[in-house]
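# Prediction below, plus the sequence it came from.
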Amino acid sequence: MRLAVFLAAALMAVPAAGLCQDIPLVAAPPAAAAPRNEAGLTLTFPTLKAHTGALHVAVYDNAQAWKGGAAVASVNVPAAEPTPSVRLDLPAGTYAVRVFHDVDGDGRLGTNGFGIPVEPYGFSNDAKGMMGPPSFEAAAFTVAPGENAQALSLQ
């Protein structure tokens, strides 16, 4: 019983904002051919349970930004397609992605009274966090020159 009370108190103390809440709302960029020094990254979301609203995607290139700084790229992807996807042009390097599915279209990650997300969210590498988002290192992957792809599962 004490453990259950402790866990409930710990969950209430951790805001969901660190998960995906800070993803800015912007339109998806038009697809274009990648210049020689850049790479293409295609993100797909094959396991959506609902095809309403939009996916809010943010891409980070370092641990400091991941913890609350600006994303190097952020896009909104309509969730209406059977397998939504977006292609981004980025310099080759190391990146991590966070995404949430705004099912109700209100522009925010919905949470319950304890701050626990009630809308689907996920991270690259299907990284999992403990009472908050995973570390940048857990979600990071390499984008090499040329075309790259990542499939993100939302929970």
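Received, thanks. These numbers were taken from a predicted model, which means no experiment stands behind them.
# so Ala139 makes contact with Asn125?
Yes - with contact defined as CB atoms under 8 Å, Ala139 reaches Asn125; the gap is 5.4 Å. (Glycine included, C-beta is placed from N, CA and C.)
# Report the distance from stretch 60-74 to the chain centre.
Distance of stretch 60-74 from the chain centroid (CA atoms, centre = their mean, to the nearest Å) equals 11 Å.
# Need the distance between the two termini of it.
In stretch 60-74, first residue to last residue: 9 Å (CA to CA, to the nearest Å).
# continuing past the helix-or-strand element of the chain with minimal mean pLDDT, what's the next helix or strand?
Sorting the helices and strands of the chain by mean pLDDT, DSSP states H and E puts helix 2-13 at the bottom, at a mean of 39. For helix 2-13, the following helix or strand on the C-terminal side (DSSP states H and E) is strand 38-44.
# What mean pLDDT does that next one get?
For strand 38-44, mean pLDDT is 95.
# Buried residues in it, which are they?
Across strand 38-44, burial judged by 16 or more other CB atoms under 10 Å covers 38-41, 43-44.
# For those, give me TSV that also has distance to Val143.
Formatted as TSV, those follow (distance: CB to CB, whole Å):
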residue	distance to Val143
Glu38	9
Ala39	5
Gly40	9
Leu41	5
Leu43	11
Thr44	15
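# Kindly indicate whether Lys128 is helix, strand or coil.
For Lys128, the assignment made with DSSP: H, G, I helix; E, B strand; the rest coil gives coil.
# Show me what the lengthiest strand in the chain is packed up against.
Counting by DSSP state E, the longest strand found in the chain is strand 93-102. Strand 93-102 sits against strand 38-44, strand 54-60, strand 121-123, helix 136-139, strand 141-143, with contacts defined as 3 or more CB pairs under 8 Å, 6 or more residues apart in numbering; DSSP states H and E.
# hmm, who's touching the fourth one?
By CB atoms under 8 Å, 6 or more residues apart in numbering, the residues outside helix 136-139 that reach it are 60, 62-63, 66-67, 96-98, 123-125, 127-129, 133.
# Can you name the residues that contact the nearest residue to Val97 once chain neighbours are set aside?
Of all residues not flanking Val97 in the chain, Ser124 sits nearest, at 4.1 Å (CB to CB, 6 or more residues apart in numbering). Going by CB under 8 Å, 6+ apart, Ser124 touches 95-98, 139-141, 150, 152.
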